[in-house]
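Visitor: here is my input, please return the structure:
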Amino acid sequence: AVLAASLRTHPDDNAGAYVGLAALAAARHDFAGALRDGERARRLDPYGGAVFGVIGDALVELGRYAAAGATFQKMVDIAPGLSSYARISYLRELHGDVAGAVLAMRAARQVAGTAQDTSWAAYQLGELAWNAGDVVGAASRYREAEQLDAVWIPPRAGMAKVAWARGHVRTAIARYREVVALYPLPEYVVALGDLLWTTGDRASAREEYGLAHAEAALFRANGVNVDLELALFDADHGHAGPALRAARIEWGRRHSILVADAYAWALHAAGHDAQAVGYERRALVLGTRSALFHYHLGMIELALGRRAAGIRDLRAALAINPHFSILGVPAARSALARAGGSA
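Guide: Numbering: from 1, shown residues only. From the prediction side, this is the model:
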């Protein structure tokens, strides 16, 4: 309402309001709307760094990666700093250049102007380490982030998953309970539920899963699109029909590699592996070093009877990150054992 009022008052020289509208649209996962408002901002301010940031973000989520790369480079040229370097880092990670992603995020951390910004960059470095299977490096960065900003929750969640990776399941559950009590983000709620499920506490796990679905309903009621997240959650937890419906709707909106992966996994859950394999290969088209993508592809290939390919991709998943998923890791190891491969 404030941004709309600002545009009514200053319709011709108000790029900032359009940037704000683009950011709000992105927060609702309306990336086409975010791109539209970002382009309106660019017409008013063709040299604004924030303008290129919201446009590039939308292009990434819409699967237009070459255009996103060019846009982020313009942002770096106009406004080098934490925001632009971080976006370059993410794009490099998507293209499988993990070392380059780390360099860009280190550059972002070096120019961070506040303790909170430095904490954010440290946490992102922790996530890059985690996704590469470096538990020690991830723990170091998460601890650094927590020390810099003790009230920010994501580093605490990072340390919870580190505890799980180190085999300290009870500690991980306790830490996730603390995190969820402070900030019940669906990602954290589901992680807690999955950990409880693996310990055999199915009743408590179902309570957490129910909370995650309730939160998704609240997001939808407030205009936030959560079809991608629901597709993955439902496919992982035995709800193939809803997963496939959500994934199909999201694929109709945008063709990013994340949506291709979710669509493939939902198709697999529904037993449509011949269709699923093409979408999962599309998810890997940029060369992303994603253990989750390779796990999904390996499981789909095994379901199609392609034993050698399935074993190869499941091994690749565990080599990239042997702790990529609370439920996926044991499933991958079991599938490899059944197929006669070894982790």
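
Visitor: secondary structure class for the residue positioned nearest the centre of the chain?
Guide: Taking CA atoms, centre = their mean, the centroid of the chain lies closest to residue 258, which sits 7.9 Å from it. Applying DSSP: H, G, I helix; E, B strand; the rest coil to residue 258 yields a three-state assignment of helix.

Visitor: can I assume it is in contact with residue 228?
Guide: Yes. In this structure residue 258 lies within contact range of residue 228 using CB atoms under 8 Å: 6.5 Å. Any C-beta I mention is one placed from the backbone N, CA and C, and that applies to glycine too.

Visitor: on that earlier part again, do you know how far the residue nearest to the centre of the chain is from residue 285?
Guide: As judged by CB to CB, to the nearest Å, residue 258 and residue 285 stand 12 Å apart.

Visitor: separation between residue 134 and residue 191?
Guide: In terms of CB to CB, residue 134 sits 19 Å off from residue 191.

Visitor: cool, and residue 166?
Guide: 15 Å.

Visitor: more neighbours: which of these two?
Guide: Applying other CB atoms under 10 Å to residue 166 and residue 191 shows that residue 191 carries more neighbours, namely 25 against 14.

Visitor: contacting residues for the more buried one?
Guide: By CB atoms under 8 Å, 6 or more residues apart in numbering, residue 191 lies in contact with 157, 160, 161, 176, 326.

Visitor: and it, what helix or strand is that in?
Guide: If you go by DSSP states H and E, residue 191 is part of helix 186-198.

Visitor: which other helices and strands does whichever helix or strand comes after that helix contact?
Guide: Remark: after helix 186-198, the chain's next helix or strand is helix 202-221, criterion DSSP H and E. Identification of packing neighbours for helix 202-221 by 3 or more CB pairs under 8 Å, 6 or more residues apart in numbering; DSSP states H and E yields helix 186-198, helix 227-236.

Visitor: returning to what we had before: which among the contacts of residue 191 gets closest to residue 48?
Guide: Among these, residue 157 lies closest to residue 48 (CB to CB), at 33.3 Å.

Visitor: identify the residues contacting the closest one.
Guide: Taking CB under 8 Å, 6+ apart as the test, what residue 157 contacts is 175, 176, 179, 187, 188, 191.

Visitor: do that again at 6 Å, thanks
Guide: Contact analysis of residue 157 by CB atoms under 6 Å, 6 or more residues apart in numbering lists 179, 188.

Visitor: what's the answer for residue 84, then?
Guide: So residue 84 contacts 75, 76 (CB under 6 Å, 6+ apart).

Visitor: cool, residue 323 as well?
Guide: residue 165.

Visitor: is it in a helix, a strand, or coil?
Guide: coil.

Visitor: and it, how far is that from residue 134?
Guide: The value you get for residue 323 to residue 134, if CB to CB is used, is 10 Å.

Visitor: one step back: wait, which of the helices and strands packed on helix 202-221 is closest to residue 267?
Guide: helix 227-236 (8.8 Å).
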